[in-house]
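Participant: what shape does this take:
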Amino acid sequence: MHAMNRWTYGGSFTVAGTDQSTRSEYVRSTIHKLQVPTAGTKPVLLIVSLEGIKVCGPEGKEIYMSHALRRISYATCDPSRGQFSFLAREPRGHLNLQYCHTFFTGSADKGCEGGTACPDLILRA
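Facilitator: Next up, the predicted model:
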């Protein structure tokens with residue numbers, strides 16, 4: 001298990017596109033346009049494990065989101081922006097319907113921490 005502190009939820013969006021190339025470009029351009037939230041957001045704790053990713057309250061007591069590893073198809077980071085994003089299906093959602101969830105940290109070097117942990121876990125599953 002790998003707990004990552006001091007993240008801010010940046011938002012979620014539905015991934016659009018009919019083929020892999022279109023969907024990849026859509027995700028790439030959309031997460032690049034997202035800005036670090038400045039007001040009205042709460043800090044979150046990201047817990048990454050072989051079971052998946054949990055988004056919790058800062059103390060880890062409240063679970064805001066929980067995504068099993070089998071539903072996560074992609075994770076990426078932009079270390080220069082301190083941004084971490086992953087794509088996941090909803091538990092009972094359509095197989096082709098995915099959401100991209102994005103998080104920011106105040107420290108650029110911490111952005112890659114999530115991005116390197118998640119792809120490694122996905123590959124091991």
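Participant: helix or strand for the residue of the chain most remote from its centre, which one?
Facilitator: Centroid-distance maximum for the chain: Thr18 at 21.7 Å, with CA atoms, centre = their mean. Thr18 is part of no helix or strand, with elements assigned from DSSP states H and E.
Participant: how near is Gly17 to Leu50?
Facilitator: Distance of Gly17 to Leu50, computed by CB to CB, to the nearest Å: 29 Å. For the C-beta atoms, the positions are set from N, CA and C on the backbone; glycine is no exception.
Participant: on that earlier part again, next, the contact list for the residue farthest from the centre of the chain, please.
Facilitator: Not one residue lies near Thr18 by CB atoms under 8 Å, 6 or more residues apart in numbering.
Participant: give me the low-pLDDT residue ranges for this structure?
Facilitator: 1-5, 37-40, 106-125 (pLDDT under 70).
Participant: let me see the ranges of the helices in it.
Facilitator: 20-33, 111-124 (DSSP state H).
Participant: isn't Ser73 up against Leu95?
Facilitator: No: using CB atoms under 8 Å as the test, Ser73 is too far from Leu95 to be in contact (10.4 Å).
Participant: shared neighbours of the two, anything?
Facilitator: Common neighbours of Ser73 and Leu95 (criterion: CB under 8 Å, 6+ apart): Arg89.
Participant: tally up the residues packed near Arg23, please.
Facilitator: By other CB atoms under 10 Å, the residues close to Arg23 number 19.
Participant: if we ignore the residues flanking it in sequence, what's nearest it?
Facilitator: Closest residue to Arg23 apart from its sequence neighbours, by CB to CB, 6 or more residues apart in numbering: Gly17 at 3.6 Å.
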